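> Compute the structure for the input listed below.
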Amino acid sequence: MEHKINRYIKGHMMTMMIAVLTGFLILFLGEFLLYRKIMVLNQMVSEGLIQIKEVTNPSPLPTVAMMKK
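Sure, this is the predicted structure:
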């Protein structure tokens, strides 16, 4: 009985290792893609906040001072 269990475990060890490594690879790729999406979203929010700031605080317009002679 113990011999059959050992043979079963040895026979399926490579399959389980491949399954575990594939799972880690999929998790890594998911985290990487999520990180990229978050960076794009942060950039969009930052640009939006800069545009809102520019609209609410308009820069002063140049004026022409007239000098008396």
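
> Distance check, the spatially most central residue of the chain against K4.
Centroid-nearest residue in the chain: Y35, 1.4 Å away (criterion: Cα atoms, centre = their mean). According to Cβ to Cβ, to the nearest Å, Y35 stands 46 Å off from K4. To be clear about C-beta, it is placed using only N, CA and C from the backbone, and glycine gets the same treatment.

> S46 too?
Separation of S46 from K4 (Cβ to Cβ): 62 Å.

> Kindly report the same for Q43.
58 Å.

> and M67, which of the three is it?
The local conformation at M67, judged by DSSP: H, G, I helix; E, B strand; the rest coil, is coil.

> So what does it look like in phi/psi?
M67 adopts backbone torsions of phi -100, psi 140, taken as degrees, to the nearest 10.

> Contacts only, for G30.
Taking Cβ atoms under 8 Å, 6 or more residues apart in numbering, we find G30 in contact with no residue.
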